[in-house]
Structure formats: C-alpha cells, structure tokens
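**Q** What would the 3D arrangement of this be:
(one chain, ligands or ions: 2)
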Amino acid sequence: MKTLLLTSAEAEKAASILRSGGLVALPTETVYGLGASALEEEAVKRIFEVKGRPQDNPLIIHVAGPEALSEWCEAVPESAYILAERYWPGPLTLVLRCRKTGEPHIPDRVTAGLDTVAVRCPDHPATLEVIRLAGVPVAAPSANLSGKPSTTTALHCLHDLEGKVEAILDGGPCRVGLESTILDLTVTPPRVLRPGGITLEQLRESLREVELDRGLVLPGETPKAPGMKYRHYAPSAELTLVRCRDAEAFIQYAKGVPDEGTAVLCWTGEENAFPGKQVLAYGRGDEPETLAAHVFAALRELDRPEISRILVRCPEEDGVGLAVVNRLKKAAGGKILCL
Ligand code: TXA
Ligand code: MG
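**A** Ligands and ions are numbered 1, 2, ... in the order given. Here you go, the predicted model:
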C-alpha cells in the first residue's frame, strides 16, 4: 500500500479516507494518533493488526467537543462537563459509562468489551477539522508500533507505518509531547489512570478530590487502564533511570559506566560533562514541559544499534514531571536507580 503524506490543508481528504474505512495517522497536541472511524469495526480491527496491539487494550475515541459526551456515553456526571468545559480541547481523556444500545453505538472492539469508554477532544486544528468533516468519533491509539516510543512527528509515523496505512497527516511536531491524562469518572473519587498533559494539581483545582490509581504508585498493583500494564516506549538499548540530588551525582555515576555503547540522556546545560559518551539533552530540569515535549523523540533518536545502554537523568515528579517519570519508568522496565 502506498501511504499518502497529507498537509494540514487536506483535512477533507483525510476525513473521506476515514469515512470509507481507511486508517490515517493524525497529529494531536500530545502525540500522533492512528485514527479510524470508531463505527467501522473492520477499520478498528486493522488498527490492532498494524500496531501489533493486544486485543484487550481499548482505544480512546476522539470527538469534536463536549456535546459528543451524551451521544456515546450514559450516566455522564456533571464533573465531566465541568472538566470538558475547562480543559477541552486539550490533553485530558475522560473514562465514562459507554452506551451499549441504540444505533449507532461504540462497538466492543473499540472498548475491548469494557462497559466504559475513554473520550477526548484533541487540541489540534487540522485534526478537529478532520473529526468534524468525517462526522464520526475517531478511534485512535498512539501511532507508534506497540511497545515503541510514541510518535511526535509525521516522520516518526512514516518510520513506523509506511506502507501499512492509507495516509499520514503532517501537522508538525506535537506541542505537549506525551499522551493525555486519563481520568476515570466512573469511580468516586475520580481516579487518574495515566498521568499526562493536564496535571494532578490542575485536576485538584477543578474537582474536590482526585486519586492516583494504585497501579501507578504501588509496585505489584495492576493498573486499571489495560494499556498501562505493558512494557512500553522502549528503545532496544537497556535504559537506566537515575534519580539523584544534583548534576554532580549523575556525572560521577556516569563516569563509572563504560563509554563504549553508552548514551546519556541529560538536561540542557549538562551536555559537556560526559566526554567519550553519546550525549543528548532532552530539556530543562526546571521546566518539565520541555522534557515532556522531547522525551519520545530523544528515545527514538537513541534507538540505534551501536547504543546498548542509556542513562537517563530523572526529573522531579511535580506537574508534568509526574507523566515524564511515568513514561521513563516504563521504558526502563519499571526500575529506577536512586543515588
Ligand atoms: O494523548 C493521547 O491520549 C493519545 C492521542 C493519540 O490521543 N492516545 C493514546 O492512546 O495515548 P493509547 O491507545 O496509546 O493509550 C490509551 C490508553 C491505554 O492505556 C488504554 O488501556 C487506556 O487508554 N484506555 C482506553 N480505554 C479505556 C477504558 N475504557 N478504561 C480504562 N482505560 C482505558
Ligand atoms: Mg500508546
């Protein structure tokens, strides 16, 4: 199959591919998504095949705005409208009861048979236009092959998906750089299943009480979001996530690791402290948004045969830092080295 590369001005073309059951990689503010009409079961099935995604891992549906909540969900609590009003379009996914009857409704293939559905409204003008023109909810997981770092540019999508999907819409690099926050509104108090672009602090400003899923904080607990239990985002090299009090401690630790085959993923300003090793800075330690924006691109860049070991400087878990650390921990197979 020849994969078309579309520009932001070709939303109508992308929408018509989706309407006719094809797959299109679409830009969002978080990461690129691999989109299909959520109402076309065959197309949704192909998403799983193309990504090599386990069948038990449900997809997020992407909608044009809060009015879609009552269309695809039932028993929608007031809090959903408050949050959608405040943060949509934006990096917040809401888990709600899925309407299972009436036509059309979201098929089990999208929700992996759960009685809930994850819904979000992405903040990217071209993709919002595609959703509106297609006139259907768009089911879209991140556009990477399963297990690999998410894609934040059209070129990364092309690398993973060329020849396997009808089109990729190039909407430039993703602003946030890691996936949306997933908030489960079917439990009391609401629970964060995956940290992301909207922070726990922001959610706690809007809702009285918000919990973190135990699977995010306690080792050995199974996360409630099915996708959060898989190893993820991993380059081929072994990744060591290093938590340390300052740059000096990290530099000293890195000195003790052989240069050959080692890459260091550090913070901006520290690049010259690791002579003999491959070095890449992924953002500023005091600005976690910059780390979030570049972490996946950095992991992809270091996914090279000559690199067998990656040492990563771990940020603080405040604000978006919580999401950055969550993704890096997954890439490291759950381990974190505390100096
Ligand atoms: O920012 C994002 O959310 C991106 C862009 C493309 O929108 N999408 C994304 O999708 O990250 P994906 O498929 O890579 O991750 C979706 C996560 C998975 O961990 C999945 O298990 C969880 O959402 N999920 C989906 N539906 C769910 C549900 N009904 N209940 C709990 N978790 C759900
Ligand atoms: Mg993903």
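
**Q** who in the stretch 51-200 of the chain is up against ligand 1?
**A** 57-60, 91, 93, 95, 111, 114, 116-118, 120, 122, 140-142, 179-180, 182, 193-194 (CB under 6 Å from any ligand atom). For glycine as for every other residue, the C-beta is placed from the backbone atoms N, C-alpha and C.

**Q** let's see 5 Å
**A** Of all the residues in the stretch 51-200 of the chain, those in contact range of ligand 1 (CB under 5 Å from any ligand atom) are Asn57, Pro58, Val95, Leu114, Thr116, Ala118, Ala140, Pro141, Ser142, Glu179, Ser180.

**Q** Buried among the residues you listed? Need that as a selection in PyMOL.
**A** Paste this into PyMOL to select the buried members of these, with burial taken from 16 or more other CB atoms under 10 Å:
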select buried, resi 57+58+95+114+116+118+140+141+142+179+180
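
**Q** Of the residues of the stretch 51-200 of the chain next to ligand 1, which belong to strands?
**A** Val95, Thr116, Ala118 (DSSP state E).

**Q** For the closest residue to Ile168 other than its chain neighbours, what is the enclosing helix or strand?
**A** Setting aside the residues directly before and after it, Ile168 is nearest to Ala25 in space (CB to CB, 6 or more residues apart in numbering), at 4.2 Å. In the assignment (DSSP states H and E), Ala25 maps to strand 24-26.

**Q** quick one: the residue of the chain found nearest ligand 1 from Ile60, how far?
**A** With CB to the nearest ligand atom, the shortest gap between the chain and ligand 1 falls at Gly227, namely 2.3 Å. To Ile60, Gly227 is 10 Å away according to CB to CB, to the nearest Å.

**Q** just Val312 next, same as before
**A** For Val312 relative to Ile60 (CB to CB), the value is 27 Å.

**Q** Leu339 too?
**A** For Leu339, the distance to Ile60 - CB to CB - is 37 Å.

**Q** okay, those two: which has more neighbours?
**A** Ile60 (26 against 12; other CB atoms under 10 Å).

**Q** hang on, isn't that one packed against Pro141?
**A** Yes. Ile60 is in contact with Pro141 according to CB atoms under 8 Å; the separation is 7.2 Å.

**Q** Between these two, which contacts overlap?
**A** By CB atoms under 8 Å, 6 or more residues apart in numbering, Ile60 and Pro141 have these common neighbours: Gly33.

**Q** Show me where the stretch 101-250 of the chain has its helices.
**A** For the stretch 101-250 of the chain, applying DSSP state H, counting those that start in this stretch gives helices covering 108-111, 125-134, 154-161, 200-206, 214-217, 247-255.

**Q** And the fifth one, what's buried?
**A** Applying a neighbour-count criterion of 16+ other CB under 10 Å, one finds Gly215, Leu216 buried in helix 214-217.

**Q** between the very next helix or strand once past the strand holding Ala25 and helix 154-161, how big is the angle?
**A** Scanning forward in sequence from strand 24-26 by DSSP H and E, the next helix or strand is strand 33-37. Interaxial angle, strand 33-37 versus helix 154-161 (axes from the mean of the first three to the mean of the last three CA atoms, to 10 degrees): 70 degrees.
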